[in-house]
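here's my sequence, what's the structure:
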Amino acid sequence: MNMVKFLSEIRNPKVSELGGKGHSLAVLMNNRFNVPKGFVITSEAFFKFLKDNNLMEKTHKLSSNINENNFQEASQEIKKVILNGKMPEEISTQIKDNLNQLNVQYVSIRSSAVNEDSLKASFAGLHDTFLNVKADLGVVLENVKKCWASLFNERAVIYKLKKEIPLLEGIAVIIQAMTPAKISGIAFTVHPTNDKAMLIELVRGLGDRVVSGEVIPDTVVINRKTLSMIEKKSKGEKIKIRENILTNLAKICLKVENLFNFPQDIEWCISNNRLWLLQSRAITTPLPPVEEKTRIKMILNGLGASPGVVKGRVRVILNPKEVSNMSDGEILVTTMTNPLYVTAIQKAKAIITDVGGMICHAAIVARELGIPCVVGTENATKMLKDNMEVIVNGTEGKIYRSD
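As a prediction, this is how the structure comes out:
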């Protein structure tokens, strides 16, 4: 059975076989968009791995008993079981043959779960991705198992429990030629707070710096109809990019939106003066208008990443080890958005960060959960203290003191 398939050879893409990311990449490639060459290890391979290691019953039992009280220990146990499993020879041989055919020195290895990137849930940043991996069979096989195990990352498990999605599901893995990006970014074909505009965020180098919330990216807002630039902001990256390149990117992104017949969140990069599409997924949450305004004195300003206005008490979390300090209904204040903070996000009434952009994964999850989020304030963790009462305007990106 062929469980490893080149993207260029897949003529009838199925989400159940390729996962969300793999499906969209195959569709893009079939429609002649510029996608880095690569192959997909299908979900059948994952289930064969479980069966050949006699793990189907064990993982099903463990995952069936996970709840919000025991998910941390249970998720670690399942991941350990998967990582200690032996890769079936049939799968290993097929991966080896495809790696030889790909014939590159470095690859990217991305998880692609069946429910990922769907209209119901984005799973942004919750499963693992590995970049600049040496294209050595042993190294690749270990990273494939890590991708499979990431199906049970703590952050993914708590997210699924909240979304009422089955924990044990199909997961594919995408292996592509690593693209040495000069500029990377994310495009939202419909701006999170303006349905007549498109939002593009840019960074130097690899695009994971946008998704991780590691930096404050440059932002460009483009009119969806005229493709003219409405606004350009640059705080840290200060990228010089010609307007015709941005116009061309916007055109391509709208073509992708038209192909999938739904607003898209598109990861892209520029390498060797060519534009590459690295993934595309549906934008999972249309945003409601803000319902409340405030005239209280503003103390902080950032980027409005998820709309709404709420009042609450601050909880400053400076690293993932402090996530357990978070109580329900508090306002999460942190340096950068990070998938490890998802358990805190689940409890938060709103989120405020020092860095990050409107398209980082925690901002996306905040929008899915319907809680306000302000990113890129630069110094929220210094200005805001535990138990301080503030008002967060997630549409306008403003923080007000209220006590």
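
can you give the domain ranges for the chain?
What automatic domain parsing lists as the domains of the chain is 4-177, 183-282, 298-401.

how close does Glu231 sit to Asp386?
Distance, Glu231 to Asp386, using CB to CB, to the nearest Å: 35 Å. C-beta: built from backbone N, CA, C; applies to glycine.

same check on Glu378?
Distance from Glu378 to Asp386, counting by CB to CB: 20 Å.

and if you look at Ile317?
To Asp386, Ile317 is 10 Å away according to CB to CB.

quick check: neighbours shared by these two?
The contact sets of Ile317 and Asp386 do not overlap (CB atoms under 8 Å, 6 or more residues apart in numbering).

and the two? Which one has more around it.
Between Ile317 and Asp386, counted using other CB atoms under 10 Å, the more crowded position is Ile317 (22 against 12).

so which of the domains of the chain is the most surrounded?
Highest mean neighbour count among these (mean count of other CB atoms under 10 Å): domain 298-401, with a mean of 22.

list the helices and strands the longest helix anywhere in the chain packs on?
Longest helix in the chain, counting residues (DSSP state H): helix 243-260. Contact here means 3 or more CB pairs under 8 Å, 6 or more residues apart in numbering; DSSP states H and E; on that basis helix 243-260 packs against helix 15-30, strand 183-188, strand 197-204, strand 218-223, strand 264-271, strand 274-282.

rerun at 7 Å
Judged by 3 or more CB pairs under 7 Å, 6 or more residues apart in numbering; DSSP states H and E, the packing partners of helix 243-260 are strand 197-204, strand 218-223, strand 264-271, strand 274-282.

do you know which of the ones you listed lies nearest Glu90?
Within the helices and strands packed on helix 243-260, the stretch nearest Glu90 is strand 274-282; the backing value is 27.9 Å (CB to CB).

after that closest one comes which helix or strand?
strand 298-301 (DSSP states H and E).

got the contact list for that following strand?
Thr377, Ala380, Met383, Gly397, Lys398, Ile399, Tyr400, Arg401 (CB atoms under 7 Å, 6 or more residues apart in numbering).

what lines up beside it in the sheet?
strand 398-401 (antiparallel) (DSSP bridges).

just to revisit the earlier point, how about the helices and strands packed on helix 243-260 in JSON lines, adding distance to Ile245 and mean pLDDT?
What follows is those, written out as JSON lines (distance: least, CB to CB, whole Å; pLDDT from 0 to 100):
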{"stretch": "strand 197-204", "distance to Ile245": "10", "mean pLDDT": "92"}
{"stretch": "strand 218-223", "distance to Ile245": "11", "mean pLDDT": "94"}
{"stretch": "strand 264-271", "distance to Ile245": "7", "mean pLDDT": "93"}
{"stretch": "strand 274-282", "distance to Ile245": "8", "mean pLDDT": "93"}
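
okay if I get these as a markdown table plus distance to Gly22?
Shown next, in a markdown table, are the helices and strands packed on helix 243-260 (distance: least, CB to CB, whole Å):
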| stretch | distance to Gly22 |
| --- | --- |
| strand 197-204 | 24 |
| strand 218-223 | 29 |
| strand 264-271 | 14 |
| strand 274-282 | 9 |
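
if we compare those strands, which one ends up closest to Ala156?
Closest among these, using CB to CB: strand 274-282, at 15.6 Å.

helices and strands around that closest one, which ones?
In terms of contacts (3+ CB pairs under 7 Å, 6+ apart), strand 274-282 is packed against helix 15-30, helix 243-260, strand 264-271.

wait, Ala149 touches Val81, no?
No - Ala149 is beyond contact range of Val81, at 8.5 Å (criterion: CB atoms under 7 Å).

which residues are contacting whatever helix or strand Trp148 lives in?
Assigned by DSSP H and E, Trp148 belongs to helix 137-149. The contact list for helix 137-149, computed with CB under 7 Å, 6+ apart, reads 41, 46, 49, 79, 82-83, 85, 87, 92, 95-96, 99, 107, 109, 111, 127-128, 130, 133, 171, 173, 175.

what residue ranges in the stretch 201-350 of the chain score low on pLDDT?
Along the stretch 201-350 of the chain, the model assigns pLDDT under 70 to residues 209-213, 284-296, 337, 339.

re the thing from before, looking at the helices and strands packed on strand 274-282, which is nearest to Gly205?
Per CB to CB, nearest to Gly205 of the helices and strands packed on strand 274-282: strand 264-271, 9.0 Å.

partners of the closest one, with directions?
Paired neighbours of strand 264-271 in the sheet (DSSP bridges): strand 183-188 (antiparallel), strand 274-282 (antiparallel).

closest to Val342 out of those strands?
That would be, of the strands paired with strand 264-271 and by CB to CB, strand 274-282, which comes in at 17.6 Å.

and that closest one, how far from the chain's centre?
The chain centre lies 13 Å from the centre of strand 274-282; the measure is CA atoms, centre = their mean, to the nearest Å.

returning to that earlier point: so can I have a markdown table of the contacts of strand 298-301 showing distance to Val139?
Shown next, in a markdown table, are the contacts of strand 298-301 (distance: CB to CB, whole Å):
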| residue | distance to Val139 |
| --- | --- |
| Thr377 | 39 |
| Ala380 | 39 |
| Met383 | 44 |
| Gly397 | 42 |
| Lys398 | 47 |
| Ile399 | 45 |
| Tyr400 | 50 |
| Arg401 | 51 |
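
perfect, that will be all.
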